[in-house]
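**Student:** mind looking at a prediction? Sequence and model below.
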Amino acid sequence: DIQGPGADLLSISANQQSRILEIAANATVSVSDLTLTAGAAIGADGGFSSAPRAADGGVAYGGAAVVNAGSTLQLVSCALTSNVARGGYGGVSFAPASTQGSGGPAYGGAIYSAGTLLIKDTTVLGSSGLGGTALPPPDPQDISGNGGSASGGAIHAVGLTEITDSQFLNNSAQGGQGGF
């Protein structure tokens, strides 16, 4: 278990460089009385290629603040602020008549949970899931990639989720822009 002195007294920041916490499968974990801020989960970019089909951007399995990979996770009296999951940029192919890569999807700006998630007296503020962008093709005759999808600016959960006495403010999920 991780217990802080209070969300207004202890803040853990990833400075938009990495995810803050990752909880492995088959555990029971409680996190309380702290702030998790400025986490980032970024999908890999598709890169550049001379192949006829460029690679798609990588998936951002969100949870820039917390990933629950199949455990029981309880968040109590916490604040999760300014966390971002962003799908990778679609790849670019320089081959003639090529197809460009699509942006990668993003799931859960602050939390991605594939297990049991219990949230109480917690605030999730200003977090976002952003689908990756498909870059414009180098030749107008090339086929453009699609923008990546986004799901759950605050939370993307595929397991049991229970939320009580909590606030979700100014969170967003936005798909990425397609190539043009």
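**Tutor:** Structure's in. What do you need? Here the structure is a predicted model, which means the values were calculated and not measured. Numbers count the residues shown, from 1 in each chain.
**Student:** from here on, contacts and neighbour counts on C-alpha atoms
**Tutor:** OK.
**Student:** which pLDDT value belongs to Gln177?
**Tutor:** Confidence at Gln177, expressed as pLDDT, is 91.
**Student:** without its sequence neighbours, what residue ends up closest to it?
**Tutor:** Of all residues beyond its chain neighbours, the one nearest Gln177 is Gly147 (4.5 Å), with distances taken as Cα to Cα, 6 or more residues apart in numbering.
**Student:** quick one: contacts for that neighbour?
**Tutor:** Shown in contact with Gly147 (Cα atoms under 8 Å, 6 or more residues apart in numbering): Ser102, Gly103, Gly104, Gly131, Gly132, Thr133, Ala134, Gly175, Gly176, Gln177, Gly178, Gly179.
**Student:** so which helix or strand takes in it?
**Tutor:** Here Gly147 sits in a region with no helix or strand, counting by DSSP states H and E.
**Student:** quick check: it vs Gly176, distance?
**Tutor:** From Gly147 over to Gly176 the distance is 4 Å, taken as Cα to Cα, to the nearest Å.
**Student:** quick check: neighbours shared by these two?
**Tutor:** Gly103, Gly131, Gly132, Thr133, Ala134.
**Student:** farthest pair within these?
**Tutor:** Largest separation among these by Cα to Cα: Gly131 and Ala134, giving 9.6 Å.
**Student:** what touches both of those two?
**Tutor:** Gly103, Gly147, Gly148, Gly176, Gln177.
**Student:** low-confidence regions, the protein specifically.
**Tutor:** Applying pLDDT under 70 to the chain picks out no residues at all.
**Student:** name the residue most distant from the centre of it?
**Tutor:** Pro96 (34.0 Å; Cα atoms, centre = their mean).
**Student:** quick one: contacts for it?
**Tutor:** Neighbour list for Pro96: Pro52, Asp142 [criterion: Cα under 8 Å, 6+ apart].
**Student:** check the secondary structure at it for me.
**Tutor:** Assigned with DSSP: H, G, I helix; E, B strand; the rest coil, Pro96 falls in the coil class.
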